[in-house]
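In: any chance you could fold what I've pasted below:
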Amino acid sequence: MSHQPHPDTAPVVVDCAILTISDTRTPETDRSGQLIRELLQAAGHQITHYALLPDEPDAIQAQVLSLCQTTQVVILNGGTGIAPRDTTYDAIERLLEKTLPGFGELFRWLSYQEIGSRAMASRAVAGVCCGTLVFSLPGSSSAVRLAMDQLILPELGHLTRQLHPDRA
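Out: Below you'll find the model as predicted:
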């Protein structure tokens, strides 16, 4: 028997920004960014911003800091591996005032069940920057679906309420 957390009150509509980090994708070929958008909207959340950025740490940090002033959640995809151009984790990790270590741990555990030991190469991370939830996911559509369906969407309302109980 698994333990169920206490139920949340009425659903929360969350304002979300989506950033795809890639040197090669375009809006037309950004399957992962499109998938994040579709899943958030299907769950009743609002998309306040969408952009593609090259894997340049300074640009990533500037965009995330800007978005943290205007939205409740920023979800990035891409650049979380260990290749030389994968710098998203390094850019984001420095911005987080609080981390959610369980997010990365659970994501890698769930990924391991799907792809085996290659899951260890993921540097998926989540935390809080300037009062905004930030999630950084791999660029793979299957990894995005896994993170969104099993981790982010089930807890988005609860985590948002934790950060901003006055808005609940």
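In: and the helices in the protein?
Out: 31-42, 57-67, 88-93, 101-115, 141-147, 153-163 (DSSP state H).
In: let's check: the centremost residue of the chain is which one?
Out: By Cα atoms, centre = their mean, the mean C-alpha position of the chain lies nearest to F135, the distance being 2.6 Å.
In: on the strand side of things, show who it bridges to.
Out: I75, A126 (DSSP bridges).
In: if I look at it, how far off is A147?
Out: Going from F135 to A147 by Cβ to Cβ, to the nearest Å gives 7 Å. Any C-beta I mention is one placed from the backbone N, CA and C, and that applies to glycine too.
In: what's the overlap in contacts for those two?
Out: A shared contact of F135 and A147, defined by Cβ atoms under 8 Å, 6 or more residues apart in numbering, is any residue touching both; here these are A124.
In: listing request: residues of the protein with sub-threshold pLDDT.
Out: Flagging of the chain using pLDDT under 70 yields the residue ranges 1-10, 167-168.
In: could you rerun that using 90?
Out: Counting by pLDDT under 90, the chain has low-confidence residues at 1-12, 164-168.
In: distance check, I18 against L76.
Out: Distance, I18 to L76, using Cβ to Cβ: 8 Å.
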